[in-house]
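>>> what's the 3D shape of this:
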Amino acid sequence: MPDDDAAARDAAEEESAFSHPHVAPDVTAAYGDHPDQVIDFYAPRTDEALVPLVVVLHGGAWRAPYDRGHITPFADYLARRGFAVANVEYRRGAALPAQGGSAPVAGRWPDTFDDVAAALDALPALVREAVPRADLRRTVLTGHSAGGHLALWAAARHVLPADAAWRTSGAAPLRGVVALAPIADFAMAEKLDVCGNAALQLLGGEEKFSDRQRYADPALLLPTGIATTLVQGRTDVIVPQAVAESYAEAAAKAGEVVGLTLLEDVGHFPLIDPAADACAVVAEEIAQLAW
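From the prediction side, this is the model:
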């Protein structure tokens with residue numbers, strides 16, 4: 001449990017990040033029939049003919065109350081920095097609390113993964129229609145917290161087990177991944193009880209966890225061969241630094257170098273808060289891969 005000072009700092013950071021009005025997209029397109037199977041597109045606020053595309057996957061522990069709305073200020077921030085932005089929605093857990101708990105269930109198996117895979121597969125055609133100035137050859141995938149997990153997972157579909165329905169025949173055509181305070185290593189996340197055992201719930205509970213982990217845990221899907229950077233606040237009490245470090249160590253053991261940018265005196269939410277200096281660092285990390 002965080003101490004009182006850390007908890008107060010986290011609460012203040014969360015309040016700041018969630019204080020911004022939601023920003024309506026320029027275009028919304030569906031990639032499926034379910035109401036959550038949609039992508040919001042933000043056109044770049046520049047006059048350049050072609051600009052990189054940033055695909056955003058929101059966090060919220062894969063739980064129903066946290067939809068893409070809370071990350072729209074961040075999407076707009078990136079658009080104002082000259083990127084085309086695709087803000088992906090996906091099916092999350094049921095609104096009912098998990099058994100024996102007070103929080104809603106985290107994620108749906110396999111629906112959450114079905115949606116992210118379908119969204120990424122549909123993206124090229126949707127982008128050409130919604131944001132013609134987006135250069136698909138310069139696509140960067142980013143996500144925050146649980147969305148950081150999904151970004152890492154989506155970039156690793158080509159190394160999924162052979163019997164995985166989501167496996168692709170080759171690596172996604174990405175410039176790279178920038179994962180923000182990601183739930184990147186499920187074993188470490190469960191050890192630290194990240195987000196109230198959210199990863200355990202995502203995979204269907206204790207009986208299913210060990211069988212499904214190899215299909216879903218980014219730390220087990222390495223190396224990817226895709227440039228990857230993790231951005232992590234050192235004072236994050238929601239997804240602690242140890243989770244990112246554990247993923248980076250797993251990557252190194254697999255022969256892959258993963259960047260790990262650690263920000264002093266930064267917690268969980270400043271990474272997606274346009275009012276925070278940390279958000280500018282995130283935008284620069286994306287730019288380094290995209291441009």
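>>> helices or strands up against the helix ranked longest in the chain?
Selection of the longest helix in the chain by residue count, based on DSSP state H, yields helix 111-130. Secondary-structure packing of helix 111-130 (3 or more CB pairs under 8 Å, 6 or more residues apart in numbering; DSSP states H and E): strand 27-30, strand 38-42, strand 51-57, strand 84-88, strand 134-144, helix 146-154. Where C-beta positions appear, they are placed from N, C-alpha and C, glycine not excepted.
>>> With distance to Pro173, mean neighbour count and mean pLDDT as extra columns, can I get these in a markdown table?
What follows is the helices and strands packed on helix 111-130, written out as a markdown table (distance: least, CB to CB, whole Å; neighbours: other CB atoms under 10 Å; pLDDT from 0 to 100):
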| stretch | distance to Pro173 | mean neighbour count | mean pLDDT |
| --- | --- | --- | --- |
| strand 27-30 | 20 | 15 | 98 |
| strand 38-42 | 17 | 23 | 98 |
| strand 51-57 | 11 | 27 | 98 |
| strand 84-88 | 14 | 28 | 99 |
| strand 134-144 | 7 | 23 | 98 |
| helix 146-154 | 12 | 29 | 98 |
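>>> Generate a markdown table for those, with distance to Ala17 as supplementary columns.
Converted to a markdown table, the helices and strands packed on helix 111-130 look like this (distance: least, CB to CB, whole Å):
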| stretch | distance to Ala17 |
| --- | --- |
| strand 27-30 | 23 |
| strand 38-42 | 18 |
| strand 51-57 | 14 |
| strand 84-88 | 15 |
| strand 134-144 | 10 |
| helix 146-154 | 14 |
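>>> Poorly predicted segments of the stretch 101-250 of the chain, please.
Applying pLDDT under 70 to the stretch 101-250 of the chain flags residues 101-102.
>>> can you pull out the strands in it?
Here the stretch 101-250 of the chain has its strands, by DSSP state E, counting those that start in this stretch, at 134-144, 176-180, 228-233.
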